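1. okay, predicted coordinates and the sequence, questions at the end:
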Amino acid sequence: MYVRVLPAGKPIVHRGRVELRYKLGARKSYKASPEGITPIEGEDEIIADTEMSGSSGSSVAATAALKETPSTAADENTIIIYTDGACSGNPGPAGIGVLVTRPDQTVEISEFLGSGTNNIAELTAILRALETLRENEQDRQIHLYTDSGWSLGVLVGGWKAKSNVELLEQIRTQMARFPKLELLKVKGHAGHEGNEEADRLATQATRREASSEPRVRRRRR
């Protein structure tokens with residue numbers, strides 16, 4: 001749920017009510033008493049006002065502008081990565097799933113994070129994927145896919161975030177090591193094999209509240 005706020009983060013109250021929408025870009029808004037609204041810990045990012053409503057320049061358009069197709073098509077040497085985060089409640093038990101496909105092997109990571117938010121899970125999945133990359137892969141072409149439009153927005157879309165700043169900086173530090181890395185958007189729960197596998201790994205860690213040892217499978221070239 002999103003509430004229209006002042007630059008300092010305080011809800012805008014008009015005639016005793018605040019404006020809210022249940023998702024970004026929604027055309028329909030609702031009015032609620034400010035006393036009935038409680039901020040979610042770790043989810044206090046302030047986004048541009050144009051992202052709030054369903055008008056032109058809304059988050060729907062902004063998300064659509066995030067790249068889905070890489071600048072350079074993948075070849076046999078490209079490293080393909082899919083990441084996903086899962087959270088039971090927000091905050092609540094959280095886990096991540098990472099699928100790293102190299103020409104010679106596939107690495108699967110299913111890690112339980114403890115209690116966290118959905119945004120923390122999505123960002124941690126991206127960070128863990130980048131930490132998995134090797135020093136000798138810095139010049140490799142790397143395509144990293146996530147279904148989290150918010151993560152892409154704050155990392156490469158120019159969106160501003162008020163929370164998870166330290167985690168974002170860790171990711172940016174890792175990103176700087178790989179000049180041929182591209183972060184790309186994939187539609188979630190749409191039957192895409194890589195995304196579905198990352199989702200399965202994240203959900204598995206969340207439900208079991210336990211991490212699994214990274215699984216490495218050799219691939220035939």
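-> Arrived safely, thanks for sending. What you are looking at is a predicted structure, and each value in this text was computed from that prediction instead of being measured.

2. what about the helices in this protein?
-> Along the chain, counting by DSSP state H, helices occupy 59-65, 118-132, 149-156, 165-175, 193-208.

3. for these, which one ends up most surrounded?
-> Of all those, helix 118-132 carries the top mean neighbour count, a mean of 24, counting by mean count of other C-beta atoms under 10 Å. C-betas here are computed from N, CA, C, even on glycine.

4. one step back: can you add distance to residue 84 and give the helices of the chain back as CSV?
-> Converted to CSV, the helices of the chain look like this (distance: least, C-beta to C-beta, whole Å):
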stretch, distance to residue 84
helix 59-65, 17
helix 118-132, 6
helix 149-156, 10
helix 165-175, 15
helix 193-208, 4
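
5. could you dump the ones you listed into TSV and include mean pLDDT and distance to residue 110?
-> Below are the helices of the chain laid out as TSV (pLDDT from 0 to 100; distance: least, C-beta to C-beta, whole Å):
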stretch	mean pLDDT	distance to residue 110
helix 59-65	46	27
helix 118-132	97	10
helix 149-156	91	19
helix 165-175	96	20
helix 193-208	96	4
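
6. closest one to residue 93 among these?
-> Among the helices of the chain, helix 193-208 comes nearest to residue 93, with 5.4 Å by C-beta to C-beta.

7. tilt between that closest one and helix 118-132?
-> 120 degrees (axes from the mean of the first three to the mean of the last three C-alpha atoms, to 10 degrees).

8. so which elements touch helix 193-208?
-> For helix 193-208, the elements it packs on are strand 79-87, strand 92-101, strand 105-116, helix 118-132, judged by 3 or more C-beta pairs under 8 Å, 6 or more residues apart in numbering; DSSP states H and E.

9. try it again at 7 Å.
-> Other elements packing on helix 193-208 under the criterion 3 or more C-beta pairs under 7 Å, 6 or more residues apart in numbering; DSSP states H and E are strand 79-87, strand 92-101, strand 105-116.

10. reformat the ones you listed as a markdown table; add distance to residue 32.
-> What follows is those, written out as a markdown table (distance: least, C-beta to C-beta, whole Å):
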| stretch | distance to residue 32 |
| --- | --- |
| strand 79-87 | 24 |
| strand 92-101 | 24 |
| strand 105-116 | 27 |
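
11. wait, which of the helices of the chain is closest to residue 73?
-> If you check each of the helices of the chain against residue 73 by C-beta to C-beta, helix 193-208 wins as the nearest, at 16.0 Å.

12. now the angle from that closest one to strand 92-101?
-> 150 degrees.

13. helix 193-208: how far from the chain's middle?
-> Using C-alpha atoms, centre = their mean, to the nearest Å, the mean C-alpha position of helix 193-208 is found 14 Å from that of the whole chain.

14. tell me the angle of it relative to strand 79-87?
-> 30 degrees.

15. can you tell which of the helices and strands packed on helix 193-208 is closest to residue 184?
-> Nearest of the helices and strands packed on helix 193-208 (C-beta to C-beta): strand 79-87, 9.6 Å.

16. I'd like to know which elements the closest one is packed against.
-> If contacts are counted by 3+ C-beta pairs under 7 Å, 6+ apart, strand 79-87 sits against strand 92-101, helix 118-132, strand 142-146, helix 193-208.
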